[in-house]
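> A structural model of the following input is requested.
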Amino acid sequence: MVFADKRYARKDKISKLPQWIQDEIEKKNTGISTDIAVQMAKTFFKEMGQPFDFPEGLLYNQKKLEELNIKEEDKIVEMEDNPQQNIIKIDFGDLEVNME
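Got it, this is the predicted structure:
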């Protein structure tokens, strides 16, 4: 997004923008001249126009999704077979919660 209007340099105008836009506005990119803004846009579009190969583990293909579903179904069947051992383990990063 380009806010090419002097009014957007004012704090009260920026505060009326949605929070997600406010979070992305960098001070170094405010109050710049037109020629600098055009140069930055050219650089941005050159970078975005380059081919991008996703790392192998980043995307899930149909086969990977089916494998994950099978693993999840196996866990459910295992829990049904052993009702005495039905412990739900939830991992919140640093915090681990076990519930019966």
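> I'd assumed Ala41 was in contact with Asn29.
No. With contacts counted by Cβ atoms under 8 Å, Asn29 stays clear of Ala41, the gap being 11.0 Å. Where C-beta positions appear, they are placed from N, C-alpha and C, glycine not excepted.
> Low-confidence ranges, the protein, go.
54, 56-58, 74-100 (pLDDT under 70).
> Break it into its domains for me.
Taking automatic domain parsing as the criterion, the chain consists of the domains 6-48, 62-99.
> What segments of the protein are strands?
Under the criterion DSSP state E, the chain contains strands at 88-92, 95-99.
> and the closest residue in space to Ile25 that isn't next to it in sequence, how many neighbours does it have?
Taking Cβ to Cβ, 6 or more residues apart in numbering as the measure, Ile25 lies nearest to Ile14, with 6.7 Å between them; neighbours along the chain are not counted. Using other Cβ atoms under 10 Å as the criterion, Ile14 is surrounded by 15 other residues.
> Leu65 too?
Applying other Cβ under 10 Å, we find 10 residues neighbouring Leu65.
> how close does it get to Pro55?
The spacing between Leu65 and Pro55, counted by Cβ to Cβ, to the nearest Å, is 17 Å.
> Likewise for Met40?
For Met40, the distance to Pro55 equals 28 Å [Cβ to Cβ].
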